[in-house]
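> Dropping a prediction and its sequence here:
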Amino acid sequence: MSFPVTIVTPVDGPAGTHRPLELLEAALLNAGLELRRVHDEGRYTARLGMLAHAARSSSAVLYELRLTVRRSPDEPEEPADIAAVRAAAEFVEAVRAHNDRVPILLVGEQLTARRVPQSVLSRIDGVVNAYEDTPDFVARKIQREVNHYLGRLAPPFFAALMRYANDGAYSWHCPGHSGGTAFLKSPVGTLFHEFFGENLLRADVCNAVEELGQLLDHTGPIADSERLAARTFRADHLYFVTNGTSTSNKIVWNSLVGPGDIVAVDRNCHKSVLHAIVLTGAVPIYLMPTRNKAGIIGPIPRSEFTEAALREKIEASPLIADKSKPIRLLTLTQSTYDGIIYRADELRASLDGVVGALHFDEAWLPHAGFHELYEGMHGVANDRDRTAGTVVYSTQSTHKLLAGLSQASQILVQDTAGGHFDERVFAQAYRMHTSTSPQYAIIASCDVSAEMMAGRRGRALVEETITEAMEFRRTIIRIGTERPEWWFGVWGPDTPPRTGLPERSEWELTADAGWHGFDRIDDGFTMLDPIKVTLTTPGLTVDGRYSDPGIPGVVLARYLAEHGVVVEKTGLYSLFVLFTIGITKGRWNSLVAELHRFKSAYDGNAAIERLMPAFAATFPGYARLGLKDLCDALHHTYRDADLAELTTAIYTEPAEQVTLPADAWAAMAAGRVEHVPVRELAGRTTAVLLTPYPPGIPLLVPGERVSPSIVRFLRHEQILAERWPGFTGITHGIAADDTTGHRTVACLR
């Protein structure tokens with residue numbers, strides 16, 4: 001692994017000989033250390049990328065501080081010396097913003113506490129004055145600092161896993177590939193081995209390796225890493241999960257909820273929460289969010305979270321016989337797919353004692369605890385006031401916005417003031433859903449992604465992400481104002497054309513703001529996360545008005561995918577572009593360049609076969625069609641069917657509950673269902689989840705009655721699929737009858 005010692009030499013400052021530094025460089029090379037030279041030109045705000053790279057990829061940083069050699073310590077400082085010290089202070093501050101552990105040493109002559117301020121000395125690891133010690137001795141001192149830093153770099157589990165994989169011991173346990181050896185016995189296996197590499201395969205081990213600890217029992221290095229991660233994320237308890245936040249949600253639910261328990265759930269929750277309702281036999285009441293005509297999910301009104309409103313829902317439920325029963329658990333999607341987040345501190349206080357436990361599904365919000373922009377907007381933080389009787393849980397996908405591998409997730413717990421969290425029950429639910437053969441690379445990525453966020457590093461990474469997202473937003477807005485013709489937009493407040501971080505107040509949703517398009521908004525209750533960027537295309541406003549030209553989002557998504565840009569989600573006239581800690585300026589500027597090329601192709605009505613040859617080969621009926629002609633025709637289809645109104649209605653109309661979701665699934669498993677053609681669905685009770693993609697939000701839950709508007713939507717979906725193959729979504733839960741060719745849904749008899 002390459003972590004060079006970075007030597008920084010300032011361009012400005014008093015003139016002087018470099019001979020001492022040259023001797024030190026020779027000694028460092030002689031000691032076997034790799035060196036990298038960087039010239040410090042100041043202007044740190046313009047060189048943050050270089051500084052961040054140096055801070056994160058160096059084993060040590062040596063900063064040459066050139067000061068005038070003085071005969072007496074009482075001589076007044078020269079202006080050049082004052083400027084040099086100021087530059088050194090700014091450099092140290094900039095590096096420490098990205099790495100609070102890398103060794104920093106000042107190198108020069110007559111560097112004393114009288115000449116170097118305490119603000120600098122307190123943030124570095126040493127001072128090297130020329131001619132005081134031999135270069136070889138100083139090199140050994142620096143090597144010690146390097147070894148100490150690199151030795152502490154890996155968190156406990158990852159360090160143990162690397163030691164085990166590098167030990168060279170033969171394994172007599174599963175998996176059967178035995179550290180990758182089995183793959184080398186086959187040509188295709190050899191190809192697999194070369195693609196993934198020796199380290200990944202040697203680290204793919206069985207839970208019988210005692211020195212790595214046990215995920216199921218939270219022992220050894222795994223437990224040490226979970227404790228460190230809990231400190232980083234400000235939780236009382238933190239548990240790594242290797243099956244994604246879908247499993248994290250089910251673990252929380254199975255540790256709290258049993259048959260007949262009343263639960264309150266965000267209607268636009270992830271399907272894993274609805275699966276948990278089925279698995280536990282819970283009786284759900286639903287909190288209803290608003291939605292705009294562009295298909296973007298808005299917040300649940302504040303009034304829905306009051307005790308009176310929740311009791312009213314219980315009274316109205318046909319599935320609850322005992323109306324006096326308490327609410328065992330309330331689960332809230334925080335943030336929504338489109339980036340709406342709630343004031344979690346307010347909900348923790350208002351729901352304390354009203355619900356037995358409060359669960360924030362923060363799959364898309366693991367970054368919020370590391371930056372002041374999100375203060376009070378994330379579920380767990382044990383440095384804030386504790387609840388008296390309601391345990392607070394948060395489930396987070398560290399693979400979505402942080403640096404975890406796919407399926408890396410974690411569960412955070414904040415106990416009550418009186419200690420109501422029962423870790424013994426939780427442990428049983430954890431074992432129920434966790435594989436006895438976990439993927440150790442995923443555990444290591446949970447460990448590493450948490451360590452990356454520790455100290456000041458987490459804030460720096462999140463701030464960098466916010467800054468990149470804001471620069472992308474401002475670029476799209478600026479181009480739109482400069483062009484007299486059509487251009488793309490970004491959903492969100494029309495932020496001022498400045499640089500740097502956003503103001504929190506700009507991103508809070510208010511009732512008088514027209515940009516969001518939601519009907520019911522409470523001031524001071526929710527905000528839009530600026531790193532969740534919805535890129536809009538011409539053709540539809542947030543209040544449902546169609547316009548020309550019209551460019552359906554799916555056409556742009558198809559074009560971008562063929563040109564190396566894959567987006568997270570597609571709406572009728574929008575794309576969801578996710579900014580994570582891995583996004584760079586080069587990446588989002590390449591997206592902007594691709595948007596320019598799409599616009600030129602649209603304006604010139606370029607042929608699909610030239611623009612998207614792979615797509616045209618799969619769907620040859622579009623090959624000779626022009627891009628503008630295609631967009632116009634699809635746009636008119638959307639407008640004629642008024643899909644904006646239809647897709648809003650199916651998600652906002654009240655659903656009629658007929659039977660418990662668990663009972664509907666039991667009927668499905670027992671075969672007490674019939675597969676009903678879509679045209680005959682109205683009035684029938686579904687036994688399955690109906691989930692349109694996009695957006696991937698369940699439309700109906702097992703045990704609910706199918707409405708006429710849902711039937712109309714499903715029939716339109718089929719018509720669009722037949723007329724526009726390759727440009728439509730699908731609804732999970734619908735099956736094709738091989739005998740009749742009809743699309744059917746499993747319904748209760």
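Everything's here; your move. Numbering: from 1, shown residues only.
> Where do the helices of the stretch 451-600 of the chain begin and end?
Counting by DSSP state H, counting those that start in this stretch, the segments of the stretch 451-600 of the chain that form helices are 456-482, 504-507, 553-562, 585-603.
> Check the stretch 151-300 of the chain too.
With DSSP H, counting those that start in this stretch as the criterion, the stretch 151-300 of the chain has helices at 156-166, 187-196, 198-202, 220-232, 244-254, 271-280.
> do you know which of these lies nearest residue 93?
Closest approach to residue 93 among the helices of the stretch 151-300 of the chain (CB to CB): helix 220-232, 22.4 Å. Heads up, the C-betas are built off the backbone N, CA and C, glycines and all.
> Which residues does that closest one contact?
Contacting residues not belonging to helix 220-232 are listed as 155-161, 210-215, 218, 236-240, 410, 412, 443, 446-447, 450-451, 453-454, 458 [CB atoms under 8 Å, 6 or more residues apart in numbering].
> Of the helices of the stretch 151-300 of the chain, flag the one that's most buried.
With neighbours defined as mean count of other CB atoms under 10 Å, the helices of the stretch 151-300 of the chain peak in mean count at helix 244-254, which reaches a mean of 24.
> Now that one - C-alpha only, PDB.
Extracted in PDB, the C-alpha atoms of helix 244-254 (Å, rounded to 0.1, in the frame of the first residue of the first chain):
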ATOM      1  CA  GLY A 244     -29.000  -4.500   3.900                       C
ATOM      2  CA  THR A 245     -31.400  -2.200   5.700                       C
ATOM      3  CA  SER A 246     -34.300  -4.400   4.500                       C
ATOM      4  CA  THR A 247     -33.000  -6.900   7.100                       C
ATOM      5  CA  SER A 248     -32.200  -4.200   9.700                       C
ATOM      6  CA  ASN A 249     -35.800  -3.100   9.600                       C
ATOM      7  CA  LYS A 250     -37.000  -6.600  10.100                       C
ATOM      8  CA  ILE A 251     -34.700  -7.200  13.000                       C
ATOM      9  CA  VAL A 252     -36.000  -4.000  14.800                       C
ATOM     10  CA  TRP A 253     -39.600  -5.100  14.100                       C
ATOM     11  CA  ASN A 254     -39.100  -8.700  15.200                       C
END
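> what's the spacing between stretch 179-188 and its chain's center?
35 Å (CA atoms, centre = their mean, to the nearest Å).
> Mean confidence (pLDDT) on it, please.
Stretch 179-188 shows a mean pLDDT of 93.
> what's the span of it from first residue to last?
16 Å (CA to CA, to the nearest Å).
> buried stuff in that stretch?
179-180, 183 (16 or more other CB atoms under 10 Å).
> Against residue 718, how distant is the residue lying closest to residue 281 once chain neighbours are set aside?
Spatial nearest neighbour of residue 281, chain neighbours left out: residue 259 (3.3 Å); criterion: CB to CB, 6 or more residues apart in numbering. To residue 718, residue 259 is 37 Å away according to CB to CB, to the nearest Å.
> Residue 287 now?
31 Å.
> Name the residues of stretch 618-628 that are buried.
In stretch 618-628, counting by 16+ other CB under 10 Å, buried: 619, 622, 625-628.
> sorry, back to before: to residue 330, which of the helices of the stretch 451-600 of the chain lies closest?
Across the helices of the stretch 451-600 of the chain, closest to residue 330 is helix 504-507 (CB to CB), at 25.0 Å.
> which residues touch that closest one?
In contact with helix 504-507 (CB under 8 Å, 6+ apart) are residues 373, 375, 492-493, 495, 527-530.
> Narrow those to just the buried residues.
373, 492-493, 495, 527-530.
> is it possible to export the contacts of helix 504-507 to CSV including pLDDT and distance to residue 649?
As requested, the contacts of helix 504-507 are exported to CSV (pLDDT from 0 to 100; distance: CB to CB, whole Å):
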residue, pLDDT, distance to residue 649
373, 96, 35
375, 96, 37
492, 95, 25
493, 92, 27
495, 73, 32
527, 97, 27
528, 97, 24
529, 97, 27
530, 96, 30
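> Just send those residues back as JSON lines, with distance to residue 34 too.
Below are the contacts of helix 504-507 laid out as JSON lines (distance: CB to CB, whole Å):
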{"residue": "373", "distance to residue 34": "38"}
{"residue": "375", "distance to residue 34": "41"}
{"residue": "492", "distance to residue 34": "45"}
{"residue": "493", "distance to residue 34": "47"}
{"residue": "495", "distance to residue 34": "43"}
{"residue": "527", "distance to residue 34": "45"}
{"residue": "528", "distance to residue 34": "45"}
{"residue": "529", "distance to residue 34": "40"}
{"residue": "530", "distance to residue 34": "39"}
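> Closest one of those to residue 602?
residue 492 (23.8 Å).
> Which residues are in contact with that closest one?
Residues in contact with residue 492 (CB under 8 Å, 6+ apart) are 473, 507, 515, 528, 530, 533-534.
> Find the least confident helix or strand in this protein, judged by mean pLDDT.
Lowest on mean pLDDT, DSSP states H and E among the helices and strands of the chain sits helix 48-57, with a mean of 80.
> Verify the stated contact: residue 656 with residue 704.
Yes. Shown here, residue 656 and residue 704 form a contact pair, counting by CB atoms under 8 Å, at 6.3 Å.
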